[in-house]
Structure formats: structure tokens, C-alpha cells
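**Student:** pasting the sequence and the predicted coordinates here, then a few questions.
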Amino acid sequence: MRRFVSKLSTMFVGVALIAAAQTASATLLVDASQVGSDVVFTASGTLDLTGLTLNNNTSCLGLARPALEILCVGPKPSQPVDVYRSLTSPGAFGTSTLNLADFGSGDMVGVSGTLLIVPLDYVSGTALSSSSTYSNSTIASLGLTAGSYSWVLPSADTFTLTIGNAVPEPATLMLMSLGLGGLGFARRRKDGA
């Protein structure tokens, strides 16, 4: 029994260390959740633009077109943005529907296939935060498929979209693993006494 508890404790500590390492790299997290009768996208994090190539400058507004891998989170009035190329894309995150946000705020961020969209003159590593709200909508009516989707930058940073809270955050996994590991360690000490 002691050997089992020891192995279990070691496994949980290992999972916690892996989760901690994942949170150490820069990433932009976008969460799409049902909030009452609305769908709300919230984005926060940082991005390292190393290895990306500036494609062009344009403008973007809050929108989602899942089948074409297009998502912009931020204000409804069109905002000037820089578009970088060379992302690795996970593919479509739903069916082909063009949805325009009813309102939003913050920094305009997004993806379009293998392109990354950031605020005009964005400085690599600077904090980003934004939201877009689709009033009187559901995840299904927007053509979104629940799950987690990650676009990978050459710097190994990720732009991760989670639809419907399908995957726990790495920090949550780390805390849970540390707690279970601590219980196993306490059990081991009790059995050894």
C-alpha cells in the first residue's frame, strides 16, 4: 500500500510540474461561454511575436466565422490592426456562419487561419485584454463546436480558444494535483508512523 501511495504522490507532483511549466509560457487565452441569453468571448494574456512575419495592416471588428477559422475579439467599431502570418492552425472550430458581435471592449485580437491579428503597433509580450458579446445567442446558434483549439506561434506561444469551458485551465490542474499529492504524502506519513 505504501508503495502505491508513494507512486501516486509522485505522479500527482509530476502532473503539477507539467501544468506549472505550461502556464510559464506566454499565451493568449480566449474563453467563449454562455452567459444568460448571451455568448461572451473574453481574451487575456500576452503573445511573443518572434518568428512571425508582418503581413499587412488593416482593420477588424468583433466577429466569429468558425468554419473559416476566423475570430476577432474586441470592440464593435472597426479597429486598426496588424496581421502576422506563420501560425499553425488547429482547423475549423464550428460551422460556416458569419456572426458580428453586438458590442465589445479592449484590445482587438484574433486569428484567421494561419494569420494572427493584434492591435496596431502591438509590442511583443505586452498584456492584452478584450471581450465581445453576442446578444440573444447560444453557442449552437453561433455555429460553435465545444472544445479547445490552439493556434501555435513560431515562439511556441499559443492563441487558445476554449468554447463552453470544455478543458480545465492548467492552473486548476496544478492546484488539484498538488492537493491530491499532499493527501497522498500525508497518508504515506501516517502509514509509516
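**Tutor:** Structure's in. What do you need?
**Student:** where does Pro154 sit: helix, strand or coil?
**Tutor:** coil (DSSP: H, G, I helix; E, B strand; the rest coil).
**Student:** OK, contacts around it?
**Tutor:** Applying CB atoms under 8 Å, 6 or more residues apart in numbering, we find Pro154 in contact with 50-52, 86. (C-beta placed from N, C-alpha, C; glycine too.)
**Student:** out of those residues, which are buried?
**Tutor:** Neighbour-count burial (16 or more other CB atoms under 10 Å) applied to those gives Leu52.
**Student:** would you turn the contacts of Pro154 into JSON lines with distance to Arg65 and secondary structure?
**Tutor:** Formatted as JSON lines, those follow (distance: CB to CB, whole Å; DSSP: H, G, I helix; E, B strand; the rest coil):
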{"residue": "Thr50", "distance to Arg65": "28", "secondary structure": "coil"}
{"residue": "Gly51", "distance to Arg65": "26", "secondary structure": "coil"}
{"residue": "Leu52", "distance to Arg65": "22", "secondary structure": "coil"}
{"residue": "Ser86", "distance to Arg65": "21", "secondary structure": "coil"}
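**Student:** quick one: which of the contacts of Pro154 is nearest to Ser78?
**Tutor:** The shortest approach to Ser78 among these belongs to Leu52, at 22.5 Å (CB to CB).
**Student:** quick check, that closest one in contact with Arg85.
**Tutor:** Yes. Using CB atoms under 8 Å, Leu52 is in contact with Arg85, at 6.9 Å.
**Student:** could you name every residue contacting both of the two?
**Tutor:** Common neighbours of Leu52 and Arg85, counting by CB under 8 Å, 6+ apart, are Leu116.
**Student:** mean pLDDT per helix and strand in this protein: which one sits at the bottom?
**Tutor:** The weakest-scoring helix or strand in the chain, judged by mean pLDDT, DSSP states H and E, is helix 2-24 (a mean of 44).
**Student:** following that one, which helix or strand shows up next?
**Tutor:** Counting by DSSP states H and E, the next helix or strand C-terminal to helix 2-24 is strand 27-35.
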